Every structure is written in C-alpha cells, then in structure tokens.
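Undergrad: quick one: sequence and predicted model below, then my questions.
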Number of protein chains: 2
Amino acid sequence: MPDTSAKLQPPQDFDALRATILERKGELPKRLTQVAVYALDHPDEIAFGTAASIALSADVQPSTLVRFAQHFGFDGFSGLQLLFRARLRERTSSYEERLRILEQDGAALAESTTIFNGFVAAAHRSIDAIAAAVEPEAFERAVTLLAGADTIYLIAKRRSYPISSYMAYAFGKLKVRCQLVGTSAGIDDDMLAMATARDAAFAVSFSPYASESAAQARSMAARGIPVVSLTDSAFSPLAECSAEWFEVVEADHAGFRSLSASMAFAMALTVSIAEKRRRG
Amino acid sequence: MPDTSAKLQPPQDFDALRATILERKGELPKRLTQVAVYALDHPDEIAFGTAASIALSADVQPSTLVRFAQHFGFDGFSGLQLLFRARLRERTSSYEERLRILEQDGAALAESTTIFNGFVAAAHRSIDAIAAAVEPEAFERAVTLLAGADTIYLIAKRRSYPISSYMAYAFGKLKVRCQLVGTSAGIDDDMLAMATARDAAFAVSFSPYASESAAQARSMAARGIPVVSLTDSAFSPLAECSAEWFEVVEADHAGFRSLSASMAFAMALTVSIAEKRRRG
DNA sequence: GTCAATCTGGAATATTCATTCCAACACTGG
DNA sequence: CCAGTGTTGGAATGAATATTCCAGATTGAC
C-alpha cells in the first residue's frame, strides 16, 4: 500500500479544503478534476445529496467520489461531506446576519457595501415589479408574433444596448436569425430598409428615450412590420407604435438603474421564441 | 388500525409543519413533546443528523422519531427530514419558496408563461446567491483598487459583453475614464498594450471561458496591472491571475442563464467606484 | 509500437440507517 | 384495585448507502 496520497491530516474546515483543492487542481486526474469543479460550484448538492445522486449529476461514478475524498486524506466520502454540511450550517447564520445588517442600514459600513446592498435590493424589487406587470397573455402574443418572423430586428441604443446585444448572442446560439441594430454608425438605416412585412422588430428604450430608436421603430411600424417593445412608461414613444409593449420599471438605487429585470425579461422572451419555433 | 392520527396531507413546507407542531403541541404524549421541542430548537441537527444521532442528543429512541413523523402524516422520519433540509437550502432565498410554486404549476399555463416565471425565479435566486457570496471587505478592496486607476480596461467577450458594455456606458456618464476591450476585431491588443501599471482592469468571463479574455487578463497581470474579475467558478482561468475576484453563479432556467445578478453587481461596482473618486 | 503505471467504470460487499414489531409499561376511568 | 387504551423501549428486519475490489481502458515514456 503505497500511501503517497495519504495526507495524514485531512482539511479540517471548508475553507481549508477549498484552498487545498484549488492548490492541487493541476495535478488531479481528469475525473477527479471533474469532481473538484462540481464540488466547488455546487457545494449545496454535496451537502445534501447522497453519493449516488451526486455522482449522477456530476456525471461520474460513486466510487470516484470516494477516491476523490480519499485523495484529500479523508476516510471516505462521508468524511468530506461533513465539511460541506458544517459550512452550510455556518453560512446560513452568517447570511441571516447579513440580512440584519442590510435592514438596520449601515452607518458603520463601508459606502461600497451600502451601495452593493442597495443594488441587490433594487434588483429584487425590479424583478418583483416585472413579474407583476407582465400579463401572460400579452407575453404569449409577443412570443408568437416574433417567433413567426423571418428575421428579428433588435433595436436599442445606449443604456438599452446591453440587452439587445445579449439577445443577439443568445439568438445566435439558438439559431434564430436576427439583426442587431445600433452597432456601427451609419449602416443602421440601410439594414432596416431591407426589412419586409414578414420580419418583426423588438425595440428597447428607457427614458430619456433615444430619439433614433423611436424613429426607427416608427418607420418599421409604418411599413407594416410588427414591433414589440420593452420600455419604462406608457408614455414612451415606443408604446404607441408597438403591436405589443411591456413596461418594466427598474427600481433605482441613488438614481442609477440596473438592468436586472430587463435582462430576465429579455432572456425569457428569447428562449420562449426559440422554443416556439422548435415546436413548429 | 385506528388511523386517527393519519392526516392524509402532511405539511408541505417547514412553516406549515412548524405551525402544526405548535398547534398540536398540547395534545402530544410526553416523548413526542420532547421531540417537538428538540426539533424546533435544533432544526439544523434534524436536517443533517441521522435518526440515531438525533435520537441520542434528543434523548429518545429512534423509533420515537419515526412515530413523531408519522403522527404528523409523514411516511416516516425521512419524509419529515426532507422539510428541514429544504428549509436550509431555501433560507438563502426567502423568495424561492414563493417562486417555486410559480415554477411547478406550469402544466396549465402557456409554455411562454412557464419560461417567464422560470427566469423570474432564477433571477431572484441568482441575486440572493451573489448577495451571500460577495464579501464586503473584498468588494471594498476591489472598489479602492479600481477607483485608483487612471484608466479602467473592461475585458469581456460574448456572453459577458453586455455587462462590460453597460459599465462602459455608465462610466461614461459618470466621467470615469475607461476602455471597452472586445468591440471591433484587431485593435484590442494594441489598446491593451498602452495600459500601464497606473491603470487597472476589470474582466468578466463565464464558462465556457473565452480563451481570449483569459489571455488578455493574464498578460495584464503579468505586466503589473491589477486585475479584478467576475466569474462563475473558482476554477476559472480568471481567478488565478486576479488581485480580487468574485464568484457569481447565475441560476439557470432550462439551461439558459440570464445576467440579472451580474448586472446588479456590475452597477454596484461602477457606482461605488465613481463615488469613491468623487470623494477624493 | 510496447510496456508500465495510473486511472476508470461497474459490480460485489459491508456498513449504516430507517423502519417495524412486540412486549412491557404507564396512565385513566370505573 | 382492575381493565383498557395509549405510550414507550429496544431488538429484529429490510432497504439504502458508502465503500472496496478488480478487470479493462487510458495515458505517458521509451
């Protein structure tokens, strides 16, 4: 029994284990690396699951889990699992602590922490708001409309641009044809001129509205190309020329809005469209 | 078999169980009361322990635990234990409980609605996860580091690009000098070559990692330019070459991840940096 | 291309665990 | 004091689980 790997002292707490794993990740065989990645990325699963269930979702054999544990000096998988459970017990208490701090609001906290907590809270609120504001029927209509289009034109400038750019990326992966409008200067209008009534457009614009986006959406609508839009007010210039439009009010922190809710909406729309196409 | 105690419907979540226990506490026999008290006082023990170990520390027999569970309509002790475990998982996100219901009753709804609800739930979970994962001290260090830089280089490709593009927009509004890397092909490396040790970089990359981003971050680090990064795993190539790095695990819905949490983080970082600069 | 060393998958095994069962016990009402 | 009903402890059981083992596959060196 050449106990080369038998560290007599297995790590005593989760942080030590984590450090050891990261340190030795280079010299690990393939399957053990796979376990290492899974373990650090899904610690909760390790804590709660059984060897069999974890093995399944990490796509390895149960025996590999045992080997992995033994490689780091544990008796078996169970010993390693104990550390993951201990971590969970401690973390929940520290998380509750954090929530308490968040509530009592920090005179004592670093300003960055206050800002961070503020954006986290704002994101939560925004997402709640959009969940309440979007009517399932309207969403379904929008999906049907866009799924039926030959090419989907994505119109967004400035602050909205990250949303359309992410949609363009996702559509690419999902093999849905789309055109991202607003990239390089100049060619936008030429691109839009090629759109036909068999296409459709999705426009995003928040106050203060980029006049260009509104103008482009209007001209599309005038040519019989249906427009779906995401905006932040019923008075938005986009609303009036859209076949369907959705209102998302991103909660702000200190006057700055994040895009968390819009991003969730955009992804839901993107995936729904792809799914509807796939089904015929 | 007088199944007087056989509630056909056992409590479905921890709060319901807790309520039921408290309600019926008076009419419980001695040993079962003992278990009830122990269970509500040491929920974590119930979640992780084995029937034997719990019995030992609650000073009852294992069989009593089973009887206790059955008394409340469960099949056996294991069924009850599941609730305690679920609670521990979901304590991280109080939203999840509410939203899980949204997710699971999708049969009657249009598919697009299910997808939408799924992304809303995933966004909530992601944001909770990042709130728990980001240490205030590390965040403050990252802010200080980036606020002290002459120019902030933003490195991100593909799926991460919307994040850096939004940061670039916000930095522009906030009058913080930055360079967005990854726009047009070719000039990226020339741009990065101009960076000096007085600058800093912020890199974002999620699995599957764009090798370009990692290489650029590494080369920056090698030239003494501090790198802060946002990524989704401790094994990310970004983690090892960063002065500070943050882990955000975006919850996924049907395999697709949105960027809600990353967006909130990015905004918090951006605004914090600007704020720190403004104050000197 | 061959060999040795290491790694991997999956069946076989040993252990641990929850559960059941029954005899002994403690209350309660007559 | 005596049934009768409900409760309790602890051993027996059977299921689930972690662990071990070995043959086959893979990798790396020469």
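TA: Yep, that arrived.

Undergrad: going forward, measure contacts between C-alpha atoms and count neighbours the same way
TA: Noted.

Undergrad: how is chain A carved up into domains?
TA: Annotated domains of chain A cover A:14-87, A:129-278 [automatic domain parsing].

Undergrad: is the first one in proximity to DNA strand C?
TA: Yes - in this structure, domain A:14-87 sits against DNA strand C according to Cα under 7 Å from any atom of the strand; the contacting residues are A:Leu28, A:Pro29, A:Lys30, A:Arg31, A:Leu32, A:Val60, A:Gln61, A:Pro62, A:Ser63, A:Thr64.

Undergrad: contact partners for the last one?
TA: The contact partners of A:Thr64, by Cα atoms under 8 Å, 6 or more residues apart in numbering or on different chains, come to A:Arg31, A:Leu32.

Undergrad: please redo it, this time with the cut-off set to 10 Å
TA: A:Thr64 makes contacts with A:Arg31, A:Leu32, A:Gln34, A:Val35, A:Ala51, A:Ala55, A:Gln70, A:Phe77, as judged by Cα atoms under 10 Å, 6 or more residues apart in numbering or on different chains.

Undergrad: out of these, which is nearest to chain B?
TA: Within those, distances to chain B taken as Cα to the nearest Cα reach their minimum at A:Gln34, with 10.7 Å.

Undergrad: chain neighbours aside, what residue packs nearest to that closest one?
TA: Distance criterion Cα to Cα, 6 or more residues apart in numbering or on different chains; nearest residue to A:Gln34, sequence neighbours excluded, is A:Ala58 at 7.5 Å.

Undergrad: one more: A:Asp75?
TA: Closest residue to A:Asp75 in three dimensions, ignoring its sequence neighbours and counting by Cα to Cα, 6+ apart: A:Ala69, at 7.3 Å.

Undergrad: any idea which helix or strand carries that neighbour?
TA: A:Ala69 is located in helix A:62-71, with elements delineated by DSSP states H and E.

Undergrad: count the neighbours of A:Ala239 for me.
TA: As a burial measure, A:Ala239 scores 23 neighbours (other Cα atoms under 10 Å in any protein chain shown).

Undergrad: next, give phi and psi for it.
TA: Dihedral pair for A:Ala239: phi -60, psi -40, per degrees, to the nearest 10.

Undergrad: swap in A:Ala254?
TA: Here is the backbone geometry of A:Ala254 (degrees, to the nearest 10): phi 50, psi 40.

Undergrad: residue ranges of the helices in the stretch 51-200 of chain A, please?
TA: A:51-58, A:62-71, A:77-104, A:111-133, A:136-147, A:161-173, A:188-193 (DSSP state H, counting those that start in this stretch).

Undergrad: how far off centre is the last one?
TA: So that's helix A:188-193. In this view, helix A:188-193 has its centroid 30 Å away from the chain centroid, taken as Cα atoms, centre = their mean, to the nearest Å.

Undergrad: parallel or antiparallel, which strands does the helix or strand that that helix is followed by pair with?
TA: Elements were assigned by DSSP H and E; along the chain past helix A:188-193, the next helix or strand is strand A:200-205. In the sheet, strand A:200-205 lines up against strand A:152-156 (parallel), strand A:227-231 (parallel) (DSSP bridges).
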